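with the input below, show me the fold.
(one chain, ligands or ions: 1)
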Amino acid sequence: MSNTFQVDLRGIVDLLSHHLYASPRVYVRELLQNSVDAITAAGTPGLVSITTGADALRVSDNGVGLTEAQVHELLATIGRSSKRDELGFARHEFLGQFGIGLLSCFLVADEIRVHTRRAGAEPVLWTGYSDGRYDVRAGADREPGTTVTLVPRRGSEHLLSAETVRELAGLYGSLLPVRVEVDSFDVTTGGLPWAAGNDLHAYAQSVFGFRPLDVVPLDVPEAGLTGVAFVLPTPVNPAARGGHRVYLKRMLLAESVEGLLPEWAFFARCVVDSTELRPTASREALYDDSLLADTREAIADQLRGWLVRLATTDPRRLGEFLSIHHLGVKALALHDDEMLRLVEQWVPLETNMGFVTLAEFRERHGVLRYAAGHDEFRQLASIAAAQELGVINGGIVYHADIVERLATVDPEVRVERLEPSDVAARFSAVDTDTELRLRPFLAAAQRRLDRLGCEVVVRGFDPAGVPALYLVSRAAAFNEQFTQSRDAADDLWGGVLDALSRVTTVDRPQLVLNHRNALVRRITALGDPELAGLAVESLYGQALMLGQHPIRPADAALLTSSFMGLLDRAVPQEKGEDR
Ligand SMILES: Nc1ncnc2c1ncn2[C@@H]1O[C@H](COP(=O)(O)OP(=O)(O)OP(=O)(O)O)[C@@H](O)[C@H]1O
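Numbering: from 1, shown residues only. I've put the predicted structure just below:
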């Protein structure tokens, strides 16, 4: 036995009001849409005239109107629409397609009256109630066209007030090709805002609240899309996707539509109109199909083109753009090759030779050498600069990753992480005579620092103002951690670590005393071994702090004792007191 689904209208209205549409305000859009479609179907110039009043809201059009048979078929059947072809596809010229729009009026009214007449047919009055009943009777005589009357539901009066209706009709319908009046006030503006000769900066200010840094025209013929992208004049978080104002066939879809631009174009807000993109049933978002994907790609190309043009024709403006959006651009450079190239060519990064782009840095230094951490950079920047060794500060967010990624996408790019040994290799050894002379001093200094696991060497390097450097290779830093773990580990794990330590031989950290420094030279020449020892310990402490190395308890104790020792030497003794 075959039966037909029964529909509970109350249930459907509830579903639409609470779950499909974001707000009851959409009823104005649905009424406008029906009138515009009826005018399009009539094929003559038309007018949609809305009148507000305390008792009812009336929307009149001089469109095709409906015969009595059509009223029964179209208005009384949920999901039935005159705007689909025989195969059920939406007909291109119409805004509507789903056959549910009129129901949205039940969001604000308990009673909907449709007074309609098709040319050559009798006028009809259809009245629908939110409890699911409707009746059809002969209507008073009228011109061909349709008038929809809504009697506000208690509590919804504000949604049908003159002010709200004018605002909503203007919001949704201002670009419609058919004239729309609310209480005789024309809410349609005529042409598209991005037509030649319009002040687009003022337009951006009015719709988005900012004056754009630049305006990029958009044109995607396969989507019947035209519009503009406004470049934001202030930084934004690329993850917080701002929406775009999208019109479909000149009816506003929504003010904050997502998915129109690729992620990397976070810096632009668009206003577009498309004849081919499709809405979802709620008409509040774009349907995510292959046409939307192609459109996104085409818009992306146009924004890329804008960036490339700027680079060649207006580098000053590109610089301005990058100074505003550099964080977002850098974040995207980590997974977008175009953005990576943009950063390489145009974004100046901090190096020990000042702010330069990666492209300039490569040209000057060949290798993209970077310090992985901020501290590592601070420690070695000036010393490396004095040795003509360029170093990029990789301690700034994204920089190290950007440099590394450049090497993975371009085999020509050589990247090296800076090792303190790279710097030390450029220090000069002292001459043989001096070395011989320094031997006893070095042996004594080494004895003082042995228990701290540090090796003392003397070299000559610039700048001469730096007396000593504490250099830890990555292997030595690892060994340091390793030893600490060994000390804290239990027997079983400790045994494993012991076994491992036997196969890893590492350099010890080095305290490099600078023989070009006058104070260091005086210290090495001291005849008093105790004072020389205190001085070496102090230089060790000072080098640790200069390089922002961790201060272990043993280092802190040594710092205190050497400082006190030096103070003791410096402050004159009182008579009769023991040292
Ligand atoms: N002002 C009008 N003039 C003439 N016909 C109308 C008018 N309003 C509604 N109709 C008829 O009623 C039908 C149902 O309208 P409804 O708004 O529910 O759906 P739709 O416009 O077809 O599609 P959508 O749900 O996408 O808006 C329409 O297809 C149209 O034939």
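
next, count neighbours for V466.
V466 has 19 neighbouring residues, counting by other Cβ atoms under 10 Å. Every residue, glycine included, has its C-beta placed from N, CA and C.

is it in a helix, a strand, or coil?
Under DSSP: H, G, I helix; E, B strand; the rest coil, V466 falls in the coil class.

residues contacting it?
Neighbouring residues of V466 by Cβ atoms under 8 Å, 6 or more residues apart in numbering: S382, I383, N514, N517, L546.

try V187
So V187 contacts R166, A169, G170, G173, S174, V180, E181 (Cβ under 8 Å, 6+ apart).

just the pLDDT for it.
pLDDT recorded at V187 is 96.

distance of it from D61?
Distance, V187 to D61, by Cβ to Cβ, to the nearest Å: 14 Å.

give me the distance between the two termini of stretch 205-215.
This stretch, stretch 205-215, spans 12 Å end to end (Cα to Cα, to the nearest Å).

now A254: phi and psi?
With angles defined as degrees, to the nearest 10, A254 sits at phi -170, psi 160.

hang on, I meant L307
When quoted as degrees, to the nearest 10, the phi and psi of L307 stand at phi -60, psi -40.

could you report the neighbour count for it?
A count of neighbours around L307, defined by other Cβ under 10 Å, yields 21.

surely A76 meets G132?
No: using Cβ atoms under 8 Å, A76 is not in contact with G132, being 10.3 Å away.

in strands, which of the contacts of V466 appear?
The strands, defined by DSSP state E, take in N514 from the contacts of V466.

how about the contacts of V466 in TSV, adding pLDDT and neighbour count?
TSV is the format used below for the contacts of V466 (pLDDT from 0 to 100; neighbours: other Cβ atoms under 10 Å):
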residue	pLDDT	neighbour count
S382	84	14
I383	87	25
N514	95	24
N517	96	19
L546	83	16
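
show me what contacts the nearest residue to D8 once chain neighbours are set aside?
Closest residue in space to D8, ignoring its immediate chain neighbours: G132 at 7.2 Å, by Cβ to Cβ, 6 or more residues apart in numbering. Contact analysis of G132 by Cβ under 8 Å, 6+ apart lists D8, L9, R10.

now do the strands in the stretch 51-200 of the chain.
Here the stretch 51-200 of the chain has its strands, by DSSP state E, counting those that start in this stretch, at 57-61, 109-117, 124-129, 134-138, 145-152, 179-182, 185-186.

go through those and pick out the most buried.
Neighbour counts (mean count of other Cβ atoms under 10 Å) averaged over each of these peak at strand 57-61, with a mean of 23.

partners of that strand, with directions?
Sheet pairing of strand 57-61 (DSSP bridges) gives strand 47-51 (antiparallel), strand 145-152 (antiparallel).

ok, and does it reach over to the ligand?
Yes: for strand 57-61, a contact with the ligand is found by Cβ under 6 Å from any ligand atom, at D61.

what's the first-to-last distance across stretch 546-562?
With Cα to Cα applied, stretch 546-562 spans 17 Å between its terminal residues.

could you check how far it is from the centre of its chain?
Here stretch 546-562 shows a centroid-to-chain-centroid distance of 43 Å under the convention Cα atoms, centre = their mean, to the nearest Å.

tell me the pLDDT at A489?
For A489, pLDDT reads 65.

show me where the stretch 351-500 of the chain has helices.
Per DSSP state H, counting those that start in this stretch, the stretch 351-500 of the chain carries helices over the ranges 358-365, 374-386, 399-409, 420-424, 432-449, 474-488, 491-503.

for the ligand, which of the strands paired with strand 57-61 is the nearest?
If you check each of those against the ligand by Cβ to the nearest ligand atom, strand 145-152 wins as the nearest, at 3.8 Å.

quick one: contacts of that closest one?
Strand 145-152 is contacted by residues 27, 31, 34-35, 38, 55-63, 65-66, 102, 105, 108-117, 159-160 when judged by Cβ under 8 Å, 6+ apart.

same check, this time on stretch 363-372
Identification of contacts with stretch 363-372 by Cβ under 8 Å, 6+ apart yields 353, 356, 358, 361-362, 377, 379-381, 389-395, 399-400, 403, 406-407, 413-418, 422.

mind checking the end-to-end distance for stretch 209-228?
OK, stretch 209-228 end separation, Cα to Cα: 15 Å.

next, the buried residues of it.
Within stretch 209-228, the residues that qualify as buried are P212, L213, D214, V215, V216, L218, V220, A223, L225, T226, G227, V228, counting by 16 or more other Cβ atoms under 10 Å.

let me know the closest of the contacts of G132 to A298.
Distance to A298 across the contacts of G132 (Cβ to Cβ) is lowest for L9, with 43.1 Å.

report the contact partners of that closest one.
Listed by Cβ under 8 Å, 6+ apart, the contact set of L9 reads I78, S130, D131, G132.

now with 7 Å, please.
Going by Cβ atoms under 7 Å, 6 or more residues apart in numbering, L9 touches D131, G132.

so it versus K249, what's the distance?
Taking Cβ to Cβ, one finds L9 at 29 Å from K249.

likewise for L175?
According to Cβ to Cβ, L175 stands 10 Å off from K249.

likewise for T357?
46 Å.

and those two? which has more neighbours close in?
A side-by-side neighbour count of T357 and K249, using other Cβ under 10 Å, places K249 first with 23 against 16.

isn't that one right next to L95, touching?
Yes: taking Cβ atoms under 7 Å as the definition, K249 is a contact partner of L95 at 5.5 Å.

shared neighbours, these two?
Common neighbours of K249 and L95 (Cβ under 7 Å, 6+ apart) do not exist.

tell me which entries of the buried residues of stretch 209-228 lie within strands.
Cross-referencing the buried residues of stretch 209-228 against strands under DSSP E gives D214, V215, V216, L218, V220, L225, T226, G227, V228.

excluding its backbone neighbours, what's nearest Y21?
S282 (5.7 Å).

could you look up the SS state of that neighbour?
Counting by three-state DSSP, the backbone at S282 sits in coil.

okay, now it: neighbour count?
By the criterion of other Cβ under 10 Å, S282 has 17 neighbours.

from L253, how far off is it?
For S282, the distance to L253 equals 10 Å [Cβ to Cβ].

same check on A138?
Distance from A138 to L253, by Cβ to Cβ: 38 Å.

so which strand or helix has the residue of the stretch 301-450 of the chain found nearest the ligand?
Proximity of the stretch 301-450 of the chain to the ligand (Cβ to the nearest ligand atom) peaks at Q302, 30.5 Å away. For Q302, the host element (DSSP states H and E) is helix 290-313.

and that helix, what does it pack against?
strand 214-220, helix 315-333, helix 337-346 (3 or more Cβ pairs under 7 Å, 6 or more residues apart in numbering; DSSP states H and E).

CA atoms only for stretch 456-471, dumped as PDB, please.
Taking C-alpha atoms only, stretch 456-471 is exported to PDB below (Å, rounded to 0.1, in the frame of the first residue of the first chain):
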ATOM      1  CA  VAL A 456      90.300  28.000  29.000                       C
ATOM      2  CA  VAL A 457      91.900  29.300  25.700                       C
ATOM      3  CA  VAL A 458      93.500  32.500  24.600                       C
ATOM      4  CA  ARG A 459      92.700  34.000  21.100                       C
ATOM      5  CA  GLY A 460      92.700  37.400  19.500                       C
ATOM      6  CA  PHE A 461      89.400  38.600  18.200                       C
ATOM      7  CA  ASP A 462      87.300  41.700  17.600                       C
ATOM      8  CA  PRO A 463      85.700  43.700  19.100                       C
ATOM      9  CA  ALA A 464      88.700  44.300  21.400                       C
ATOM     10  CA  GLY A 465      86.300  45.600  24.000                       C
ATOM     11  CA  VAL A 466      84.900  42.100  24.800                       C
ATOM     12  CA  PRO A 467      87.300  40.500  27.200                       C
ATOM     13  CA  ALA A 468      86.000  36.900  27.200                       C
ATOM     14  CA  LEU A 469      83.500  34.700  25.500                       C
ATOM     15  CA  TYR A 470      81.900  31.500  26.800                       C
ATOM     16  CA  LEU A 471      81.200  29.300  23.800                       C
END
